[in-house]
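**Q** okay, here's the prediction I keep looking at, along with the sequence it came from:
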Amino acid sequence: MKIDVFSHFLPQKFYQKMLEIEPNLADTFPYVNNPILFDPVKRQESIPEGVKQVISAVNINPEDFARADKAAELCRMANEELNELAMNNEKFLAAVAMLPMNNLKVATEIIHQITSKENKLIGVQIFTRALGKSIADESFEPIFAQAEKDNVPLLLHPVFDERKPDNNLVFSWEYELGQAMLQLTANGIFEKYPKLKIIVHHAGSMVPFFAERINHILPKKQADDFKKFYVDTAILGNPSALKLALDYYSSKHILFGTDAPFGIQPAGATNEIISALKETNIEPKQLDKVFYKNFYELFENNI
């Protein structure tokens, strides 16, 4: 069994509502034209045998296009659609909710509602930046407080910092993930909320490679807090890099995740990541932790 904790899907009813607000979304986000991203039948056909996916929305965030009440309405709509997709498609194990970051009252309500066993929403997706601010900005702390209180994992995805003129998908997102982790630990997020669970996309980004810079330059407490994050395996294969992540985080803090259907066209890098993990030569018991056991431990209250 393999559970992909970080795959993406574009709910079509939600997307059509977003197009009413911004008709040029497909020009801004050309990846939305991939049928495997939005057609559940084609998506199911693309998922390898023995793999189930946890689906989260793509980074078309309502707060970037709508005021607080409308953003909340759109997020609730998307979450209902994601839940229905997970309920009605065998290879979708569960779904991750969207939050309206310009409406923290509704955002915290959504987090709390995830504790209900009546739906297949098991966590929430947050982004490295929102509303022109770092996710570590103190104004977003109600999100972290509510997530810890309700034991709801947060899945951290990168977005561009729009102040920068040279953003690119190869390096910018990795920098933004590392910077968000730096800022969150600098703000003492794990001291304030010690039971908080944050899963970082892209295998923790630059952190494992620059582990000794972290250890020697930062205060010890902050450096130690970097290892309190959980990470996925979504780096398109690359066994050497995955081995670095395993060495840094240990198999206890890594969950199988692929970023499907992105990375390798048309359906993602699921097979490449499975092969790369096997090439790291970690013990079978550790591999089972990465493939599914850590997932069930982390989401035990919500699955």
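**A** Great, that's in hand. Numbers count the residues shown, from 1 in each chain.

**Q** which parts of this protein are strands?
**A** Applying DSSP state E to the chain gives strands spanning 2-8, 51-56, 92-97, 121-127, 129-130, 133-134, 154-157, 198-200, 230-231.

**Q** could these be laid out in TSV, adding mean neighbour count?
**A** For every residue, glycine as well, the C-beta is placed using N, CA and C. Compiled in TSV, the strands of the chain are given as follows (neighbours: other Cβ atoms under 10 Å):
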stretch	mean neighbour count
strand 2-8	25
strand 51-56	24
strand 92-97	26
strand 121-127	23
strand 129-130	21
strand 133-134	15
strand 154-157	24
strand 198-200	26
strand 230-231	26
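
**Q** now those strands in a markdown table, with distance to residue 18 and mean pLDDT?
**A** Formatted as a markdown table, these follow (distance: least, Cβ to Cβ, whole Å; pLDDT from 0 to 100):
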| stretch | distance to residue 18 | mean pLDDT |
| --- | --- | --- |
| strand 2-8 | 15 | 98 |
| strand 51-56 | 16 | 98 |
| strand 92-97 | 16 | 98 |
| strand 121-127 | 16 | 98 |
| strand 129-130 | 17 | 98 |
| strand 133-134 | 22 | 98 |
| strand 154-157 | 17 | 98 |
| strand 198-200 | 25 | 98 |
| strand 230-231 | 29 | 98 |
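
**Q** could you dump those to TSV with distance to residue 258?
**A** Below are the strands of the chain laid out as TSV (distance: least, Cβ to Cβ, whole Å):
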stretch	distance to residue 258
strand 2-8	5
strand 51-56	8
strand 92-97	13
strand 121-127	15
strand 129-130	23
strand 133-134	27
strand 154-157	13
strand 198-200	13
strand 230-231	13
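
**Q** if we compare those strands, which one ends up closest to residue 288?
**A** Among these, the nearest to residue 288 by Cβ to Cβ is strand 2-8 (9.7 Å).

**Q** counting contacts, what elements does the closest one pack onto?
**A** strand 51-56, strand 154-157 (3 or more Cβ pairs under 8 Å, 6 or more residues apart in numbering; DSSP states H and E).

**Q** and it, how far out from the chain middle?
**A** Distance, stretch centre to chain centre, for strand 2-8: 9 Å (Cα atoms, centre = their mean, to the nearest Å).

**Q** same check, this time on stretch 8-21
**A** Stretch 8-21 sits 19 Å away from the centroid of its parent chain (Cα atoms, centre = their mean).

**Q** to residue 293, which of the helices and strands packed on strand 2-8 lies closest?
**A** strand 51-56 (14.1 Å).

**Q** now that closest one against strand 92-97, angle please.
**A** 20 degrees (axes from the mean of the first three to the mean of the last three Cα atoms, to 10 degrees).

**Q** tell me the helices and strands packed up against strand 51-56.
**A** If you count contacts as 3+ Cβ pairs under 8 Å, 6+ apart, strand 51-56 packs onto strand 2-8, helix 68-88, strand 92-97, strand 121-127.

**Q** now the helix or strand bottoming out on mean pLDDT in the chain: buried residues?
**A** Within the chain, no helix or strand scores below helix 25-28, which has a mean of 95 by mean pLDDT, DSSP states H and E. By 16 or more other Cβ atoms under 10 Å, helix 25-28 has no buried positions at all.

**Q** give me the distance between residue 193 and residue 40.
**A** In this view, residue 193 and residue 40 are 35 Å apart by Cβ to Cβ, to the nearest Å.
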